[in-house]
Each structure stands twice: as structure tokens, then as C-alpha cells.
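Colleague: predicted structure and sequence below. I'll ask about it afterward.
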There are 2 protein chains.
Amino acid sequence: MPSSTSMACATFITLKTIHKTSSTTMVRAFSTLMSPPSKAVFYESHGPPDTVTKIIQLPPVEIKPNDVCVKMLASPINPSDINRIEGVYPVRPPVPAVGGYEGAGEVHSVGSAVQGLAPGDLVMASPPSTGSWQTHVVRDKSFWHKLDKGTPVEYAATVTTNPMTALRMMEDYMDLKSGDAIVQNGATSMVGQCVIQLAKLRGIHTINIIRDRSGSDEAKEKLKKLGADQVYTESQLNVKDVKSLLDNVPEPALGFNCVGGNAASLVLKFLRQGGTMVTYGGMSKKPITVSTSSFIFKDLSLKGFWLQNWISSGNTEAFREMVDYLLGLIREGKLKYDMELTPFSEFHTALDKALGKQGSQPKQVIKF
Amino acid sequence: MPSSTSMACATFITLKTIHKTSSTTMVRAFSTLMSPPSKAVFYESHGPPDTVTKIIQLPPVEIKPNDVCVKMLASPINPSDINRIEGVYPVRPPVPAVGGYEGAGEVHSVGSAVQGLAPGDLVMASPPSTGSWQTHVVRDKSFWHKLDKGTPVEYAATVTTNPMTALRMMEDYMDLKSGDAIVQNGATSMVGQCVIQLAKLRGIHTINIIRDRSGSDEAKEKLKKLGADQVYTESQLNVKDVKSLLDNVPEPALGFNCVGGNAASLVLKFLRQGGTMVTYGGMSKKPITVSTSSFIFKDLSLKGFWLQNWISSGNTEAFREMVDYLLGLIREGKLKYDMELTPFSEFHTALDKALGKQGSQPKQVIKF
């Protein structure tokens, strides 16, 4: 993942440089444009995020001619952010580091050579990069994507990971047409909610599998309101022939799995001959088990999706076109999803919720 | 599988017709060309092959103008033949039926309109079809593929299933180049032996996984003589990093699995980032278990291979070109594999061996 790694390095080289040169910054203060000090979620070693992270104040950073300083407004806590801090993510930023990956904010100040961005503009990190959990971020102008004023900032802050995953997964594996069907588990997740709505917009049916838990009836209703054709709890699918439940929905050729274990097997059961299941998460922490006959006689294919591969492709223009498409849908009210906004001062409460310490919770989004 | 089914029906419609009209055949005996009576492995209901099959004599069949009557010389007992008799194969010939699928023989007599085939010619069923376990088979001339005189009949009788599977699996999933590597389990199987030799001919390395059993050292030596680069028993691969064993062999991009369970996991472990594992069998009767991270972060793809799909494609010409390519290699001594030839009179002994009742045995080939 060369591009991501190099971006990450850029951030932390800046950070280290400041530490080394802080004794000289006073001298250059009047000749150099500087950022405000940045309050940041900082960690010096990998480990449990609630233990290793602390909020610190980072000293001001020089704003070079092509740099843009952004006052961050919102940034989500994604499972991958947690894995990065734990040190178990395949792309591992070197420590010390500032947490976070996605985010959006308002331009605070710009370097002398920057055109097209001005203080007050709404921007987002695109493609995203590590270090978004702080009040002020200074990065090259090319890092920032300018947004329409009417864009809800919490959506701009979250669009590049989950909605983008939903969009790409629907595009990259087969040519879906109106009238086709998709089956997915983990349907209440942010990706799941996006899949339902993006499918609905294209006339594609969705069969959705959710966990058995209190409140599953409400969850079903909610997903149906988003456009889900069918929603089942796992226990409802303990039948010999799940396809008898399909009624007028065709057998799906494409399935999405973010759970693993039994929930992945249920996706496979629904798939039609020659279908494909794409795994993009493993919430149950259980592996995927597949029969030999599923491969040979049912001709199923199993693949994986990792958005990082798209991000690492370096095609920023295409990436931003997708972002704009999704944000357009959001502004039109055609795409929405659950979030809980939490003030930055309560970061560790939001982190605990994201870590699952308070049961099932909506996506936690830090508001700076 | 329309083409296979219709072929099967053709055979059995003939068979039923004979039963119905046997009282009248005498009358027409002098005006109609008839086959000799055929001694056949016959079953009237699906079930355990050693219980439901019996050797019977079928009455002579009319040889129509475009028919060719072949005196069968050799036919193998494949696992799929056993599954067909058990009634657990997805393509299920209607009962009563004659067992067997592949086979080769010598032309005994030809219908009045047949050109290009004459008594004494060596031919094989291509693509194969049900009903090869009998001494005489009458089918349309298009069913038979004429072979060079020097072709060993036991190879002609077995080439369409296992060697063809090896050939197609090496062609259909990626563009392998000289210097690339393949990993496979079940390497002592007939497909496994063919994969080793076909790979060697193209400069492709093979990493081979075999069972732990007495005689595994001899099995290793044998596979190495065929051209295997590396051969490991499963227990030798109980190491943290199987790739440290690779030495000068590159990480394989393609893996073949005919075992399932742990042996499938070992194939996955060897595969390089973005690699593909193709499942074509499940000898262990255990499913395939895959971690979520294998899909997401290692970007592995899992697929299945079923030769029936190639056969059902109806491209007889392409199929025969592949057969000729493989038989050419066989005649040149570049492709060989273990078989045990058993006289038809000892069919049930061979069947017991094929059913695994006498431990591990080479492929059983009936000699008529």
C-alpha cells in the first residue's frame, strides 16, 4: 500500500520536525504562517485504544506555500481506526501517531501558493489518511476535496469508508441490472444501510439478514423503510430451503458478508448457481465455512473487498467523483444512515461505545 | 446439463426399446444390422454401488445407418461414476442404467451411412457419456472420436476426466507463465500427477501436499520423478510460516484443492497475495474453512471447477483438440499416471478397490 504509507509518513515527519525545531519556531514566528495548536488523540505505542490513547495538545505547524490548514469539524470512529491503534491492521502507521482516518472540516488558513481554497470552505480528506482525530490538520492542498456548502459535515466525514464500500462492492463484481437481487448479512451496519438504498435506486432487490436480538422487529421496519425488500433474522432462516422464502424476488447472484460464521453460510445458501459472495468484514470473528459441493456443483465464487486497494490505486480523480456522487445523493435525501455525534471532549465515551462496551450503538462520529 | 442428460436419455431409450421389441427382433434379424449382445454393469435403483450393480447380458441393439458399434476395451471407475450410481451426483441418469462414463474401444461394425470409421479403428467416447461399462456400445458416429493406432487404450479410456481436469484448471483461471508456481493437495491423485507433468512441461513449479501415511517417502520420490519441485506431507506443514519452505520457488498464485479441511487451508497458506484456490474435489469429506482476513487483506479468491461445465458447453471440437493434445503427450511419454487394469470378470473386486475397501489403491480401469 505505498501511497497510504507515504501519506502516513508525511504526517508524522511533520509532527517529529515540530518537536525537534520547537525551540527555533519563536524566532521564525513572524516570517512564517503557522497553524493553531492542535488538540489530538495521540498514541505512542500500539495496544488497546482505550488504554494507549490520550488527548494532548500538539504545537503549531508551519503552513508551507502549498499547505492548507483545516479546522476539523467531524470524524468517525471506524473499526479500522481501532485496528490501526491496536496494531493489527495490515497497514500500520508508525508510532507515535494521531488516530483517525476519515474526516471533514472548514479551511482555517492557506499557504501563499494555494488557489481554489479559501478560509471558510468546507473540505474533506480525500482519499482519507491517518491523523484525522485532531482539531487542526495541515496537509498539502491536493489532500483536500472542496465540498458544496450544503453538504452535512457528518456525512462528508463518513462517506469515504462505508458508503464507498457499498458503492464499489455493487460495481466491481458483476454487472447488476434492474430487477436483479443482492443478499447481505450485517444489514443494519452502515455499509448494509447504504447497500439497501443504492440498490433500491437502481431497481435491485435486497434480501437482508440481521442478528437475533431484542429490537429486531424495529430494525426490520427501519431497513424496510430504507427500501429493503426482505429482512430476516438468522433464526428465521433455520429452514431447509431458504429460497422458498424468496417469493417474487429472484435468486441473488451477488452476496455481501461482513459477519462470517453461520451468517456467511446463510448468504451462500441464498446465492444462485454461479453466484459470488464478497467478504468485507468479520464481525462475528468466526471464519467462513464452505462445502466442496458449493464450489464444484453450485459454482460459487468467494472473494474479498478491501477499500484500501481502491485508495492505493492512486486514482484520486475517480475517487472524488464517487464521493461527489454519494454526497449528491445525501444532499437529495436519497442516502442516509445512523450516526451518533459526540463532542470531542467526550472522545473516550464515544470510543467505549465504538469498542462495543455499551452494547450495540450507532456509528460514533466525533464533533470538534 | 442439457447435453449430458439428453445423451443419457438416448442410451436408455434404446435400452427400453429393445426390451419392448425383443419379441419382434427375430423377425427383422436378417434385414437389420444388429450389435452383439452386450455384457453390462446394470443397476435398477440408486444405492451403494456394490449392492445395486449386477452384471447382466443386454440383447442385441439395432445399428442404424449412422450408428457405430464399438467393442469396449477399457473404462475406468471414477469417483463420479460411483456418485452417479449412489444417486448423489447432480447429473442423475434415470434408472435403470448402465454404469460408467469414460471409455475407449475398437469399432466392431458400422451403419450403412458411416464414413471415416471402419471395423478395427480405435475410438473413444468424446465427450464421454453414461453407459460405458459394457462390452458393446452402439451410439451415433458423432459420439466416437477416432484415435491414432499407437494410443494406449487405457489412457484413451481415462484421458477425458482426470487429465482434462488438470489441463483446464491450469488454463481457465489465470495466465500462468514459465517460472510461476502452483500449489496443490491430493498430489498423488491422477489429476495431481497430471498437474505436475503439465506444469513441468511449461516451466511452472509445483508445490505438492500429500497425506501422512506409510509409504509417503516413496510417494514423494515418485512425484519428484514426475517433475514435482517440492512435496510435503500435511504434518510437515505444521509450521508457522509455510512460505519459509519455498526456497527458490516463487509464491504460487494458483492452488488446487481436492481434499478440503486442513489440506485446503494449507493450500490457502501457500498462496500469494491475490491468489486463487480452485476446488475440484473433497476427498476428506470436510468443508473448506477460510478466515475473513484471507479474503479482505490477502485478497484471495475461491472458485470451483467442474469438468461437466466444459462438457455441457457443447464445443465437441475444442474438447477433442484437448484430448488429442493430451494423448499426444501420452504417446510421447511426457504424460503418465498410475492405473490398475482389472479384467471385466473381476469387476466387483475393482469396484471394492475404487470404493476404498482395500485402502489406498491406484485408479481402477476395467479391461473388457
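Modeller: Yep, that arrived.
Colleague: and the residue in the stretch 51-200 of chain A that chain B sits nearest to, how many neighbours does it have?
Modeller: With Cβ to the nearest Cβ as the measure, A:P90 is the residue of the stretch 51-200 of chain A nearest to chain B, at 4.6 Å. Where you see a C-beta, it was placed from the backbone N, CA and C, and this is true even at glycine. Around A:P90 there are 14 other residues, counting by other Cβ atoms under 10 Å in any protein chain shown.
Colleague: what residues does chain A have near chain B?
Modeller: By Cβ under 8 Å from any Cβ of the partner chain, the residues of chain A that approach chain B are A:90, A:260, A:278-282, A:287-306, A:309.
Colleague: what's the helix or strand for A:G255?
Modeller: Using DSSP states H and E, A:G255 sits within strand A:254-257.
Colleague: helix or strand right after that strand?
Modeller: Secondary structure here is assigned by DSSP H and E; on that basis, the next helix or strand after strand A:254-257 toward the C-terminus is helix A:261-270.
Colleague: ok, back up a step: same for the strand holding A:G255, what does it pack against?
Modeller: For strand A:254-257, the contact count by 3 or more Cβ pairs under 8 Å, 6 or more residues apart in numbering or on different chains; DSSP states H and E identifies strand A:181-185, helix A:190-201, helix A:261-270, strand A:276-279 as packing neighbours.
Colleague: go again with 10 Å.
Modeller: On a contact count with 3 or more Cβ pairs under 10 Å, 6 or more residues apart in numbering or on different chains; DSSP states H and E, strand A:254-257 meets helix A:162-172, strand A:181-185, helix A:190-201, strand A:205-210, helix A:261-270, strand A:276-279, strand A:301-304.
Colleague: quick one: strands adjacent to that strand?
Modeller: Neighbouring strands of strand A:254-257 in its sheet, by DSSP bridges, are strand A:181-185 (parallel), strand A:276-279 (parallel).
Colleague: hey, which of those strands is tucked in deepest?
Modeller: Greatest average neighbour count among the strands paired with strand A:254-257 goes to strand A:181-185 (a mean of 29), per mean count of other Cβ atoms under 10 Å in any protein chain shown.
Colleague: check the offset of that one from the chain's centre.
Modeller: Distance, stretch centre to chain centre, for strand A:181-185: 20 Å (Cα atoms, centre = their mean, to the nearest Å).
Colleague: sorry, back to before: ok, now which ones touch the residue of the stretch 51-200 of chain A closest to chain B?
Modeller: Residues in contact with A:P90, defined by Cβ atoms under 10 Å, 6 or more residues apart in numbering or on different chains, are A:1, A:80, A:83-84, A:306, A:308, B:293, B:296-298.
Colleague: start to end distance for stretch A:75-84?
Modeller: With Cα to Cα, to the nearest Å as the measure, the ends of stretch A:75-84 fall 15 Å from one another.
Colleague: average pLDDT across that stretch?
Modeller: Model confidence over stretch A:75-84 averages 95 on the pLDDT scale.
Colleague: same check, this time on stretch A:285-296
Modeller: Stretch A:285-296 comes out with an average pLDDT of 97.
Colleague: give me the buried positions along that stretch.
Modeller: For stretch A:285-296, a neighbour-count test (16 or more other Cβ atoms under 10 Å in any protein chain shown) marks A:286-296 as buried.
Colleague: cool, and stretch A:223-240?
Modeller: Within stretch A:223-240, judged by 16+ other Cβ under 10 Å, the buried ones are A:223, A:226-234, A:236-237.
Colleague: likewise for stretch A:84-95?
Modeller: When neighbours are counted by 16+ other Cβ under 10 Å, the buried residues of stretch A:84-95 are found to be A:84-85, A:89, A:91-93.
Colleague: what's around A:F347, how many residues?
Modeller: Other residues within reach of A:F347 by the criterion other Cβ under 10 Å amount to 21.
Colleague: per-residue pLDDT of it, please?
Modeller: Model confidence at A:F347, given as pLDDT, is 98.
Colleague: and it, that one's in a helix?
Modeller: Yes. Under DSSP: H, G, I helix; E, B strand; the rest coil, A:F347 sits within a helix.
Colleague: correct me if wrong: A:C258 contacts A:Q184.
Modeller: Yes. Because the distance of 7.8 Å satisfies Cβ atoms under 10 Å, A:C258 is recorded as touching A:Q184.
Colleague: returning to that earlier point: pull the most distant pair out of the buried residues of stretch A:84-95.
Modeller: A:I85 and A:V91 (12.6 Å; Cβ to Cβ).
Colleague: are we agreed that A:I311 is in a strand?
Modeller: No. A:I311 is assigned helix when assessed by three-state DSSP, not a strand.
Colleague: for it, which non-adjacent residue is spatially closest?
Modeller: Beyond its immediate neighbours in the sequence, the residue positioned closest to A:I311 (Cβ to Cβ, 6 or more residues apart in numbering or on different chains) is A:P127, lying 4.5 Å away.
Colleague: same thing with A:K286?
Modeller: Nearest residue to A:K286 in three dimensions, chain neighbours excluded: A:G261, at 3.2 Å (Cβ to Cβ, 6+ apart).
Colleague: make sure the one you found is actually in contact with A:P287.
Modeller: Yes. A:G261 sits in contact with A:P287 when judged by Cβ under 10 Å, with a separation of 7.4 Å.
Colleague: which neighbours do the two have in common?
Modeller: B:T292.
Colleague: how many other residues sit next to A:G260?
Modeller: The local packing count at A:G260 equals 24, with neighbours defined by other Cβ under 10 Å.
Colleague: ignore the last one, A:S360
Modeller: That count, for A:S360 with other Cβ under 10 Å as the rule, works out to 12.
Colleague: quick one: contacts for the closest residue to it other than its chain neighbours?
Modeller: Setting aside the residues directly before and after it, A:S360 is nearest to A:R213 in space (Cβ to Cβ, 6+ apart), at 7.2 Å. Under the criterion of Cβ under 10 Å, 6+ apart, the neighbours of A:R213 are A:188, A:219, A:233, A:359-360.
Colleague: what's the pLDDT at A:R213?
Modeller: A:R213 carries a pLDDT value of 90.
Colleague: A:T316 and chain B: what is the separation?
Modeller: From A:T316 across to chain B, the span is 22 Å (Cβ to the nearest Cβ, to the nearest Å).
Colleague: quick check: that residue touching A:S142?
Modeller: Yes. Here A:T316 reaches A:S142: they are 7.6 Å apart, a contact under Cβ under 10 Å.
Colleague: which one's more surrounded, these two?
Modeller: Neighbours were tallied for A:T316 and for A:S142 using other Cβ under 10 Å; the higher tally belongs to A:T316 (15 against 10).
Colleague: what's that one sitting at in phi/psi?
Modeller: Here is the backbone geometry of A:T316 (degrees, to the nearest 10): phi -60, psi -40.
Colleague: ok, and the closest non-adjacent residue to it?
Modeller: The shortest distance from A:T316 to any residue that is not its chain neighbour, by Cβ to Cβ, 6+ apart, is 6.4 Å, and that residue is A:P127.
Colleague: what's the helix or strand for A:K39?
Modeller: strand A:38-43.
Colleague: touching the helix or strand following that strand from outside, list them.
Modeller: In the C-terminal direction, the helix or strand that comes right after strand A:38-43 (DSSP H and E) is helix A:49-52. Contacting residues not belonging to helix A:49-52 are listed as A:41-46, A:77, A:81-87, A:95, A:99, A:348, A:351-352, A:354-355, A:357 [Cβ under 10 Å, 6+ apart].
Colleague: repeat for stretch A:106-113
Modeller: A:33-36, A:62-73, A:114, A:116-123, A:135-138, A:140-141, A:144, A:146, A:153, A:368.
Colleague: pLDDT on it, on average?
Modeller: Averaging the model's pLDDT scores along stretch A:106-113 yields 97.
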